[in-house]
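> what's the 3D shape of this:
(chains A and B)
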Amino acid sequence: DGGITQSPKYLFRKEGQNVTLSCEQNLNHDAMYWYRQDPGQGLRLIYYSQIVNDFQKGDIAEGYSVSREKKESFPLTVTSAQKNPTAFYLCASSHVGEDQPQHFGDGTRLSIL
Amino acid sequence: EDQVTQSPEALRLQEGESSSLNCSYTVSGLRGLFWYRQDPGKGPEFLFTLYSAGEEKEKERLKATLTKKESFLHITAPKPEDSATYLCAVQAEDSGGGADGLTFGKGTHLIIQP
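Modelled structure (predicted):
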């Protein structure tokens, strides 16, 4: 079955540590996205990529980094510069083109130890 | 700046009691409005895309409608399995390349009691 796989489901970060969240898709989508979801808030865009080896900052990119070396993969690194990293992180993908819906993985919940 | 406001924040209904959820939006020009369903601990599940005022789409007990300023998600004779958070999102016409991120509302938490 085609879909988006995020791992791990739960992740714990120590102070000063960088952690990487995995996102893999087999939907043959060109575009991939990372969102952050906090309680009582809407999803907020961190980074997005329309094509391999290219990506753009979203609304809240500070303290995060990404790479897009393969079409299927778009890992997100939460760096020690992100002072409030506790959140639910969602990865999505879509075809490139007008009005293409984004399809989401089941998220990674990141907490601070 | 694009904005999406959903109301109510939470809604509790009896099984079979129909109602509507509201999504008001402000964008420079609407390319598409999207409805998603999100279950606890899961990612959003795509429901509908609406493109222009007057458009309607249906899926089982759900019907989405669109005007120039808002969208409604009508739920007819809901069942307990319809309980979820419903999210509304917009994509603006000034988005470049057709693959920009969406602007989401905070969602409506819907509970259907048996």
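> sec struct for the residue nearest to residue B:104 when sequence neighbours are not counted, please.
Counting by CB to CB, 6 or more residues apart in numbering or on different chains, residue A:42 is the residue found nearest to residue B:104 once chain neighbours are left out, at 3.8 Å. Where you see a C-beta, it was placed from the backbone N, CA and C, and this is true even at glycine. Using DSSP: H, G, I helix; E, B strand; the rest coil, the structure places residue A:42 in coil.
> please tell me how far residue A:42 sits from residue B:4.
According to CB to CB, to the nearest Å, residue A:42 stands 7 Å off from residue B:4.
> now do the shared contacts for the two.
Residues within reach of residue A:42 and of residue B:4 at once, by CB atoms under 8 Å, 6 or more residues apart in numbering or on different chains, are B:103, B:104, B:105.
> so among those residues, where is pLDDT lowest?
Minimum pLDDT for the shared contacts of residue A:42 and residue B:4 is recorded at residue B:103 (91).
> just for the chain, where's the confidence low?
Going with chain A. In the predicted model of chain A, residues A:1, A:98 satisfy pLDDT under 70.
> my bad, the chain I had in mind was chain B
In chain B (pLDDT under 70), the answer is B:94-99.
> contact residues of it facing chain A?
Chain B comes close to chain A at residues B:4, B:31-32, B:34, B:36, B:41-46, B:49, B:51, B:87, B:89, B:91, B:97-107, as judged by CB under 8 Å from any CB of the partner chain.
> from chain B, how far off is the residue nearest the centre of chain A?
By CA atoms, centre = their mean, chain A has its centre lying nearest to residue A:34, at 2.9 Å. In this view, residue A:34 and chain B are 9 Å apart by CB to the nearest CB, to the nearest Å.
> ditto for residue A:12
Taken as CB to the nearest CB, the span from residue A:12 to chain B is 17 Å.
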